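Peer 1: Structure for the following, please:
(one chain, ligands or ions: 1)
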Amino acid sequence: MSGQSLDKKMGCCGKIKKMGSIGLSHMNFINSEVFKIPRLKYEHTDERVGICLTCDFNTYMPRNSYIAWFLSNAKAIMKNMEDLTVLPMLPKQEERPGGKMFCRVCKCWIAGKARMKNETCPKGYWIQ
Ligand code: SF4
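Peer 2: Coordinates of the predicted model:
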């Protein structure tokens, strides 16, 4: 998959945006896309992740926790697909085995989002 097509596919917080088709496909998408590290790596990915690592707005959620959050907020997610920052922040959880780093503000999985050139930090902490 080329960088351009991956960018287009993922978009801004696109892993969640892509969940436009509601229903069971969400679960398949979460399993197949959200937690799969894209091969593409933007030149500032590591720098971005480093910033997120020290940010108060990060959180660590295992797959099951994220899925549970998604399901319990599905209606609001669908309604605000273009801007998930309007949803209440994800719960703050410390790093633990199996936990993936998410942004509590935009609800994105950082390892995936940081690879997308056109993504931005909702708080403006990323320089690039
Ligand atoms: S994307 Fe921005 S607000 Fe979210 S965890 Fe990273 S640095 Fe913090």
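
Peer 1: wait, isn't residue 80 in contact with residue 88?
Peer 2: No: in this structure residue 80 lies outside contact range of residue 88 using CB atoms under 8 Å: 11.2 Å. (C-beta placed from N, C-alpha, C; glycine too.)

Peer 1: who's more crowded, these two?
Peer 2: Comparing residue 80 with residue 88 by other CB atoms under 10 Å, the one with more neighbours is residue 80, at 14 against 9.

Peer 1: Who are the contact partners of that one?
Peer 2: Neighbouring residues of residue 80 by CB atoms under 8 Å, 6 or more residues apart in numbering: 86-87.

Peer 1: State the phi and psi torsions of it.
Peer 2: Dihedral pair for residue 80: phi -120, psi 40, per degrees, to the nearest 10.

Peer 1: ok, now residue 101?
Peer 2: Here is the backbone geometry of residue 101 (degrees, to the nearest 10): phi -80, psi 120.

Peer 1: ok, it to the ligand distance?
Peer 2: 8 Å (CB to the nearest ligand atom, to the nearest Å).

Peer 1: Tell me how many other residues crowd that residue.
Peer 2: Neighbours of residue 101 under the rule other CB under 10 Å: 19.

Peer 1: just residue 99 next, same as before
Peer 2: Residue 99: 16 neighbours (other CB under 10 Å).

Peer 1: what about the protein, any weak spots by pLDDT?
Peer 2: Residue ranges of the chain with pLDDT under 70: 1-39.

Peer 1: Contact residues of it facing the ligand?
Peer 2: Residues of the chain found near the ligand (CB under 6 Å from any ligand atom) are 51-52, 55, 57-58, 103, 105, 121-123, 125.

Peer 1: Just put the residues you listed in JSON lines and tack on neighbour count and secondary structure.
Peer 2: Below are the residues of the chain next to the ligand laid out as JSON lines (neighbours: other CB atoms under 10 Å; DSSP: H, G, I helix; E, B strand; the rest coil):
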{"residue": "51", "neighbour count": "18", "secondary structure": "helix"}
{"residue": "52", "neighbour count": "21", "secondary structure": "helix"}
{"residue": "55", "neighbour count": "18", "secondary structure": "coil"}
{"residue": "57", "neighbour count": "17", "secondary structure": "coil"}
{"residue": "58", "neighbour count": "21", "secondary structure": "strand"}
{"residue": "103", "neighbour count": "25", "secondary structure": "strand"}
{"residue": "105", "neighbour count": "18", "secondary structure": "coil"}
{"residue": "121", "neighbour count": "20", "secondary structure": "coil"}
{"residue": "122", "neighbour count": "19", "secondary structure": "coil"}
{"residue": "123", "neighbour count": "14", "secondary structure": "coil"}
{"residue": "125", "neighbour count": "14", "secondary structure": "coil"}
